[in-house]
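Enquirer: here is my input, please return the structure:
(one chain, ligands or ions: 1)
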Amino acid sequence: MMRLFSICLVIILTNSCKINREHDTNDDILLIEKAFNQLQYASAVKKFDYISKEKIFPRSTDKTGKLRLVDKKDWTSGFFPGVLWLMYDLTKENNWKGKAIEYTQVLESEKFNASNHDIGFKMMSSFGLGYKITNNKNYREILIRSAKTLVTRFNENVGSIRSWDHNKDKWEFPVIIDNLMNLELLFWAWKETGDSVFYNIAVKHAKTTKKNHFRNDFSTYHVVGYNSDSGKVVSKNTYQGYADESCWARGQAWALYGYTMIYRETQNPEFLKQAENIANYIINIASLPKDYIPLWDFSLLDIEKEPRDTSAAAIIASALFELSTFTEYNKTIYLQVANRIMESLSSNQYFNTLGENNGFLLKHATGHKPMNSEIDVPLIYADYYYLEALSRKIKIKNN
Ligand code: GLY
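Expert: Numbering: from 1, shown residues only. A predicted model of the protein is given here:
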């Protein structure tokens, strides 16, 4: 197996000079080349065990700096195949496609995993991207099955998809802001099958979240707890943020990305307005540092002491690029901020030097600060949304 990876690595590296040169700016080509050269994950994945199919997906680094691999059940498992698909899309180099197919396929059995809401994250970044690029009919069947699995977590009384089954002592029916991201799988299934059940559940969840997860300034609560019989809100808390009444940066980023995507799929102006209000909070109300890379919670101000979160920055950039295509009014400011974030993320301060940090692209991300877990580390989903943002940036320029 090691031999296979060594061969893959050699193929990937020797092809690094053959990047597709169709893109219209040298800057973007340089960024793709930088990503291309850095993504030497194959060399780092030393524990790949194709027989047991366990712990093969790069997620982060551990406290000693070693690569942290997770198995397919982890909420982040789809992002590594997603990174490979994005690299294929950006470069049209078949080596990336081959690896993307290989890693995507391992996730198939997750189509039955109804133990939390994360099926949307996992399947859309892997099979969803793969289907868009290859039109593989088998991927289509896997995605439809996955959407049916996600639907089983919907509760009519609450009008939402339940996020977690853990922490039952604290939340009977928890819904987290991140859950908006899983709705993309339902919209996709509705468009593919014509079955309005998928659409209706997605829209209902989006409306319930819009009603209960936001403060007057459009900052977000991370976790809303419901009573599953009455459907009533019983608590508003945080899990990964600084405090119940603070605004966790990645949660706010999921909200921006979520409502931008929901507007794309529904064309309902109510959701566009929501996305714009959330963007307004991030750009004008939250105290963003000069380089536009947020601290891990928007309510914190101590730039010297508090870690940044490049994953939140990358998600915000990607969302703002898309949002800029939906509105003439704020288009310029959204593009300016998204480009500024990309400039910062691509600088030496946030982008790893070649070979650093096990081949991840970005550093200085924060996973779960209150749990003292994944602080100031690379995170695979930061890399995924960075590459997606880069791809959107290039498409906007080319149009
Ligand atoms: N969805 C989990 C997270 O953003 O950390």
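
Enquirer: so what's the residue in the stretch 201-350 of the chain that the ligand sits nearest to scoring on pLDDT?
Expert: Nearest to the ligand in the stretch 201-350 of the chain, going by Cβ to the nearest ligand atom, is R250, at a distance of 4.9 Å. For every residue, glycine as well, the C-beta is placed using N, CA and C. Predicted confidence (pLDDT) for R250: 98.

Enquirer: same deal with F48?
Expert: 45.

Enquirer: any figure for the gap between the closest residue to the residue of the stretch 201-350 of the chain closest to the ligand other than its chain neighbours and N339?
Expert: Distances taken as Cβ to Cβ, 6 or more residues apart in numbering place A312 nearest to R250, at 4.4 Å, with adjacent residues excluded. Using Cβ to Cβ, to the nearest Å, A312 is found at 17 Å from N339.

Enquirer: okay, those two: which has more neighbours?
Expert: More crowded of A312 and N339, by other Cβ atoms under 10 Å: A312, with 29 against 18.

Enquirer: within the helices and strands, which one has the more buried one?
Expert: helix 310-324 (DSSP states H and E).

Enquirer: what mean pLDDT would you report for that helix?
Expert: 98.

Enquirer: extract the CA atoms of that helix and return them as PDB.
Expert: Extracted in PDB, the C-alpha atoms of helix 310-324 (Å, rounded to 0.1, in the frame of the first residue of the first chain):
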ATOM      1  CA  THR A 310      -9.300  30.300   9.200                       C
ATOM      2  CA  SER A 311     -12.100  27.700   8.600                       C
ATOM      3  CA  ALA A 312     -14.700  30.400   9.400                       C
ATOM      4  CA  ALA A 313     -12.900  32.800   7.100                       C
ATOM      5  CA  ALA A 314     -12.800  30.400   4.200                       C
ATOM      6  CA  ILE A 315     -16.500  29.600   4.600                       C
ATOM      7  CA  ILE A 316     -17.400  33.300   4.700                       C
ATOM      8  CA  ALA A 317     -15.300  34.000   1.600                       C
ATOM      9  CA  SER A 318     -16.900  31.200  -0.400                       C
ATOM     10  CA  ALA A 319     -20.400  32.300   0.700                       C
ATOM     11  CA  LEU A 320     -19.700  36.000  -0.100                       C
ATOM     12  CA  PHE A 321     -18.500  35.100  -3.600                       C
ATOM     13  CA  GLU A 322     -21.800  33.300  -4.200                       C
ATOM     14  CA  LEU A 323     -23.900  36.000  -2.500                       C
ATOM     15  CA  SER A 324     -22.300  38.700  -4.700                       C
END
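
Enquirer: packing partners of that helix?
Expert: helix 249-266, helix 269-280, helix 331-345, strand 365-368, helix 380-398 (3 or more Cβ pairs under 8 Å, 6 or more residues apart in numbering; DSSP states H and E).
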